[in-house]
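Peer 1: Okay, predicted coordinates and the sequence, questions at the end:
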Amino acid sequence: MSWRARVAFTGEPDRAVLFCEWPRRVGRELAGMARIKAETETDLAPVFGARLTVFRPGYVHPVHGRETPYWGDAIMGPFMPFRSAMSRWITDSGEVARAVLHAATGGSVPSPADNGAIIAASAEYRRARTSAASSGAASRTSARISR
């Protein structure tokens with residue numbers, strides 16, 4: 001069983017995002033992968049300490065599709081109209097990305113972060129970006145007015 005790890009640096013010397021990706025598994029292999037993921041999280045804790053934020057989303061719906069088909073998409077597809085009622089189990093790739101960016105830029109995210117925490121962090125990141133964009137636009141407008 002192989003896995004890949006990618007690191008993204010945030011521009012701040014003490015912050016980086018490590019993304020560990022395991023291949024999709026079924027049956028007994030899935031239980032084995034869950035055990036390996038838990039062991040990896042345990043092993044990373046002493047290395048990163050309080051800086052470690054673990055994300056544990058449920059089903060992640062691909063906003064822009066997948067490179068290769070995944071059987072889970074066929075099973076979860078019929079449930080997507082009920083996604084808001086099933087947010088405990090379903091999130092999307094955009095929400096996960098925003099939650100990771102929120103944590104990487106210093107936002108508070110509980111660890112481990114389940115779907116509820118991921119969705120909340122995503123919303124907070126979106127609010128912060130929207131308010132930063134609108135305050136930047138307001139300051140540009142006031143600069144033009146004062147000239």
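Peer 2: Arrived safely, thanks for sending. These figures come from a predicted structure and were not determined experimentally.
Peer 1: For the rest of this, base every contact and every neighbour count on C-alpha atoms.
Peer 2: Fine.
Peer 1: Domain parsing of this structure, as residue ranges.
Peer 2: 1-52, 54-147 (automatic domain parsing).
Peer 1: Make TSV out of the ones you listed and add mean neighbour count and mean pLDDT.
Peer 2: Shown next, in TSV, are those (neighbours: other C-alpha atoms under 10 Å; pLDDT from 0 to 100):
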stretch	mean neighbour count	mean pLDDT
domain 1-52	12	70
domain 54-147	15	84
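Peer 1: Dihedrals phi and psi, T68?
Peer 2: Per-residue torsions, T68: phi -120, psi 140 (degrees, to the nearest 10).
Peer 1: for the residue nearest to V54 when sequence neighbours are not counted, what are its contacts?
Peer 2: Leaving aside its chain neighbours, V54 sits nearest to P112 (4.6 Å; criterion: C-alpha to C-alpha, 6 or more residues apart in numbering). Taking C-alpha atoms under 8 Å, 6 or more residues apart in numbering, we find P112 in contact with T53, V54, F55, R56.
Peer 1: and the residues you listed as a markdown table, adding distance to P81 and secondary structure?
Peer 2: Conversion of those to a markdown table gives the following (distance: C-alpha to C-alpha, whole Å; DSSP: H, G, I helix; E, B strand; the rest coil):
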| residue | distance to P81 | secondary structure |
| --- | --- | --- |
| T53 | 30 | coil |
| V54 | 28 | coil |
| F55 | 24 | strand |
| R56 | 22 | coil |
